[in-house]
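Visitor: What follows is a predicted structure for the sequence shown.
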Amino acid sequence: MSSQNQQFSAGRRKSSGTLRKAILVALGLSVCGGGLQAAPDDDKGWREGRILVKPRAGLPEAEIEKILARHGGRAIGRLQNLGIHIVQVPPQAEDAVARALTRNQHIKFAEKDMLVEATEFIPNDPKYAEAWHLPKVEAPFAWEMASAEGVTIAILDSGVDSSHPDLTYQLVGGWNAVSGNTDTADIHGHGTKVAGAAAAATINAIGVAAIGLDANIMPVRITAPMWRISVMLLSIVHLLAVLPGICVTRGGCRGRCG
């Protein structure tokens, strides 16, 4: 990653606190329990009278309620997919209750429901303004909270141009499934375009911005010069897609992630 990207990543982590807080507060994930209202304007920086608590796996709900009640808390909702309870506590007791719960061996974490300003980062890539799809999927807001660093996207297509300035430093070793070697040069140009859309270097003042900020690209050439693809080569898609940390995209087709 470039020094400019490193500085941006550090600033992103600092400005948003933790990814957990940003997701919970800024995005308002699906909540079970009803009775929850939108967060009001508050100079304190957190939601008064409310904390977020995640019990350790396997703890029965009845036991969770007992633990909360001992500290003056009451569950009023739950973030379903994250296993996090939204807990009502006495006003001005948020810190004290969160600290007490954190010391409990059955609680993974407890913290105030922080308010995070919804801001967006606009990259300096000159062709970003032409990428209508990135604002459409709210990519700038996502980049403020997280990146795809550590993720490898396999591009199963016509190859990738390794000399492209927006792709050179994103590439990892690939494979030419047609010739059975490591020559993944792009024979049609299509694979390079797909790679750029997925994970071109972003915030580098060159070319385009990509939705997969900081992701790596694994070029896999599966097309012959006449655009023919054998069934055997297509099976590589399914083999790669089950590997941990590998996202697979095929030119003109839907992708999969392991």
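Guide: Noted; the coordinates are in hand. Please read all numbers here as calculations on a predicted model, not as lab measurements.
Visitor: Tell me the strands beside the longest strand belonging to the chain, with direction?
Guide: Using DSSP state E, we find that the single longest strand of the chain is strand 46-55. Strand pairing for strand 46-55, using DSSP bridges, gives strand 84-88 (antiparallel), strand 107-114 (antiparallel).
Visitor: deepest of those strands, which one?
Guide: strand 84-88 (a mean of 22; mean count of other Cβ atoms under 10 Å). C-betas here are computed from N, CA, C, even on glycine.
Visitor: Can you mark which positions in the helix or strand following that one are buried?
Guide: Sequence-wise, the next helix or strand downstream of strand 84-88 (DSSP states H and E) is helix 94-102. The neighbour-count check on helix 94-102 (16 or more other Cβ atoms under 10 Å) flags 94, 97-98, 100-101 as buried.
Visitor: Residues in contact with helix 94-102: which ones?
Guide: Here helix 94-102 makes contact (Cβ atoms under 8 Å, 6 or more residues apart in numbering) with 46, 48-51, 53, 67-68, 71-73, 87, 89-90, 107, 109-112.
Visitor: Please put the alpha-carbon coordinates of that helix into CSV.
Guide: C-alpha atoms of helix 94-102 as CSV (Å, rounded to 0.1, in the frame of the first residue of the first chain):
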residue,chain,number,x,y,z
GLU,A,94,-23.3,4.6,30.7
ASP,A,95,-19.6,4.5,31.6
ALA,A,96,-20.0,2.9,35.0
VAL,A,97,-22.3,0.1,33.7
ALA,A,98,-20.2,-0.6,30.7
ARG,A,99,-17.1,-0.9,32.8
ALA,A,100,-18.8,-3.2,35.3
LEU,A,101,-20.1,-5.4,32.5
THR,A,102,-16.8,-5.6,30.8
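Visitor: coming back round to it: generate a markdown table for the strands paired with strand 46-55, with mean pLDDT and distance to Ile153 as supplementary columns.
Guide: Shown next, in a markdown table, are the strands paired with strand 46-55 (pLDDT from 0 to 100; distance: least, Cβ to Cβ, whole Å):
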| stretch | mean pLDDT | distance to Ile153 |
| --- | --- | --- |
| strand 84-88 | 94 | 29 |
| strand 107-114 | 92 | 31 |
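Visitor: and of these, who's closest to Ala201?
Guide: strand 107-114 (31.7 Å; Cβ to Cβ).
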